[in-house]
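Novice: Test case, fold it:
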Amino acid sequence: MKMESTKIRLLVVCLWALSVFASTAEGTESTVQGSRWSSVGKGYYPPKSAKCPPPRNFASCSSFVTPGWSRYSKPNYYSDCCKFVRQSTFDCLCNAARSSYNFQVDLKKALGLAKKCGKTYPRGTNLKCNAPAPYYYKSPPPPAYYYKSPPPPAYYYKSPPPPAYYYKSPPPPAYYYKSPPPPAYYYNSPPPPTYYYKSPPPPAYYYNSPPPPTYYYKSPPPPAYYYNSPPPPAYVYKSPPPPAYYYNSPPPPAYVYKSPPPPAYVYNSPPPPAYVYNSPPPPAYVYNSPPPPAYVYNSPPPPVASPPPYVYNSPPPPVPSPPPYVYNSPPPPVPSPPPYVYNSPPPPVASPPPYVYDSPPPPVASPPPY
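Specialist: Have a look, this model is predicted:
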C-alpha cells in the first residue's frame, strides 16, 4: 500500500513540474516576441524622434571649439555646454557646429565634445558630418547674346595741339669753389724690409740618358728621339713664408672744405600758360539694339534632403511575465488497490489511463501591432 501511494505522489509531482515547465516556456516565447513587438504593455507607445535643442545654445561652447590653442581644454560636466551636447544627437551637433556664429568653429573639436561631456552614440554610428551633395542644374546655360547696333564712330578732336613753350630765363651760372684742394698726405712708416729666403736653391739636375747618335741623312727624316731618364723630382722649399707687415703711420686726417655752398638759383621766367581746348566734347552715343531677353531656367529646384532615420538608444520596455496558470479541475482520483495475497505471484502493475483535464487551456496573448 505504501509503495502504491509513493508512486502516485511521484506521478503528481511529475505532472506539476511538467505544467510549470510549459508555463515557463510560454513566458519565454512571449518575452522573445516582446523584444520586437511590445506584446502586453498596456498604454505603451513607441518613443517619438527627439527634437534638436536650439543651435544658439551652442554658443556656450565657444571657448572649447575655436581653432588653435586655447587655455580651456575641457568643459565642466554640469556646464551649459555639456548639457547641450548630452541633449543633442550626432546630427543635431553637426548642424549646430555648421551654423553661423560670431566666432569660428573647429569641426574636429566640436565633435570631440561628446567624449569630454560623457555622451555616447550607438555602435555603428558614422562619426563624420556628411556634407550635402552639390546640386547640379540640368537646364542648359543661356545662349550668347549678340548686340545688333554698330559700334560708336571714332571721334576726332578739331583743336590744334598746344604750342611749344620756351623758357626765357638764362641757365644758372657756373659756381667755382674758393677753398684750396686738400694737401697731399705722406705716410711716416718705413717700407717693409726685404725678406730673404733661407732655403738653398734647388740642385742642378743631370740627365742620365746618352745624347742622340749622329744621324746621316739617307732620304727619310731622322726618327724622334725619346729620353729614357725620369723627370727631375719636385723641389720643396724649407724656408717659412715672410711675416705679415703692419704699417705704423696713422690714417690721413679728414679734410674740411672752407668755401661756402653755392647759392640757390631762382628762375625768373613765368610758368607756361594753361592751354584751353576749343573743340566740343564728343556727342553721347545711343545704342539702338534691344536688351537681351530674360532667360528662364527649366530645371526643377534642388531636392530637399530627408533627415536620416532616428536610432533609439533606450532599451525595449520590460515585458511582465504572465502569472502562473491555476487549474480549476479536481485532482485525478487515486484508486485503492485490492488487498494482496502473497500465495500467488505478484500481480502486474497496470498503468493508469491518461487523465483528461476538464478546464480550458490558458489563453495565448497575441502581440499588438507595432
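
Novice: any idea whether residue 91 is helix, strand or coil?
Specialist: Classification of residue 91 into helix, strand or coil gives helix, according to DSSP: H, G, I helix; E, B strand; the rest coil.

Novice: no wait, residue 18
Specialist: helix.

Novice: any idea how far residue 145 is from residue 294?
Specialist: 11 Å (C-beta to C-beta, to the nearest Å). Heads up, the C-betas are built off the backbone N, CA and C, glycines and all.

Novice: same thing with residue 159?
Specialist: 39 Å.

Novice: Could I get the full set of helices for the chain?
Specialist: In the chain, the segments counted as helices under DSSP state H are 2-36, 62-65, 80-87, 90-97, 107-111, 113-116.

Novice: Now tabulate those in a markdown table and tack on mean pLDDT, distance to residue 168 and mean neighbour count.
Specialist: Rendered in a markdown table, the data for those read as follows (pLDDT from 0 to 100; distance: least, C-beta to C-beta, whole Å; neighbours: other C-beta atoms under 10 Å):
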| stretch | mean pLDDT | distance to residue 168 | mean neighbour count |
| --- | --- | --- | --- |
| helix 2-36 | 66 | 112 | 12 |
| helix 62-65 | 88 | 75 | 18 |
| helix 80-87 | 92 | 84 | 19 |
| helix 90-97 | 88 | 79 | 19 |
| helix 107-111 | 87 | 77 | 16 |
| helix 113-116 | 89 | 84 | 17 |
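
Novice: For residue 253, which of those helices is the nearest?
Specialist: Evaluated over the helices of the chain, closeness to residue 253 peaks at helix 62-65, with 69.8 Å, by C-beta to C-beta.

Novice: Just the CA trace of that closest one, in PDB.
Specialist: Extracted C-alpha coordinates of helix 62-65, given in PDB (Å, rounded to 0.1, in the frame of the first residue of the first chain):
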ATOM      1  CA  SER A  62      32.700  78.900 -27.900                       C
ATOM      2  CA  SER A  63      35.800  78.600 -25.600                       C
ATOM      3  CA  PHE A  64      36.300  75.000 -26.500                       C
ATOM      4  CA  VAL A  65      35.700  74.800 -30.200                       C
END
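
Novice: which outside residues touch it?
Specialist: The list of residues contacting helix 62-65 from outside it, by C-beta atoms under 8 Å, 6 or more residues apart in numbering, reads 70, 72-75, 81, 97, 101, 103, 105-106, 109-110, 113, 116.

Novice: What score does residue 88 have for pLDDT?
Specialist: As summarised for this prediction, residue 88 has a pLDDT of 90.

Novice: what do you get for residue 298?
Specialist: On pLDDT, residue 298 comes in at 76.

Novice: what's the closest non-adjacent residue to it?
Specialist: What sits nearest to residue 298 in space, not counting adjacent residues and going by C-beta to C-beta, 6 or more residues apart in numbering, is residue 139, at 4.5 Å.

Novice: before we move on, what about residue 110?
Specialist: Using C-beta to C-beta, 6+ apart and skipping the chain neighbours, the partner closest in space to residue 110 is residue 97 (4.0 Å).

Novice: who's in contact with the one you found?
Specialist: For residue 97, the contacting residues are 58, 65, 105, 107, 110, 111, 129, by C-beta under 8 Å, 6+ apart.

Novice: Please tabulate those residues in CSV, including the columns distance to residue 234.
Specialist: CSV is the format used below for these (distance: C-beta to C-beta, whole Å):
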residue, distance to residue 234
58, 87
65, 79
105, 79
107, 76
110, 80
111, 79
129, 80
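
Novice: out of those, who's nearest residue 208?
Specialist: residue 107 (92.0 Å).

Novice: was I right about the closest one contacting residue 127?
Specialist: No: no contact is recorded between residue 107 and residue 127 when judged using C-beta atoms under 8 Å, the distance being 11.4 Å.

Novice: In contact with residue 283, which residues?
Specialist: With C-beta under 8 Å, 6+ apart as the criterion, no residue contacts residue 283.

Novice: Going forward, count from 823.
Specialist: Taking 823 as the first residue, the last one we looked at is residue 1105.

Novice: What confidence value was assigned to it?
Specialist: At residue 1105 the predicted local distance difference test score is 82.

Novice: ok, back up a step: out of the helices of the chain, which comes closest to residue 1158?
Specialist: Shortest separation from residue 1158 across those is recorded for helix 824-858, at 8.4 Å, computed as C-beta to C-beta.

Novice: residues touching the residue nearest the centre of the chain, list them.
Specialist: When C-alpha atoms, centre = their mean is applied to the chain, the residue found nearest the centroid is residue 930 (8.4 Å). The neighbours of residue 930, taking C-beta under 8 Å, 6+ apart as the test, come to nothing; the list is empty.
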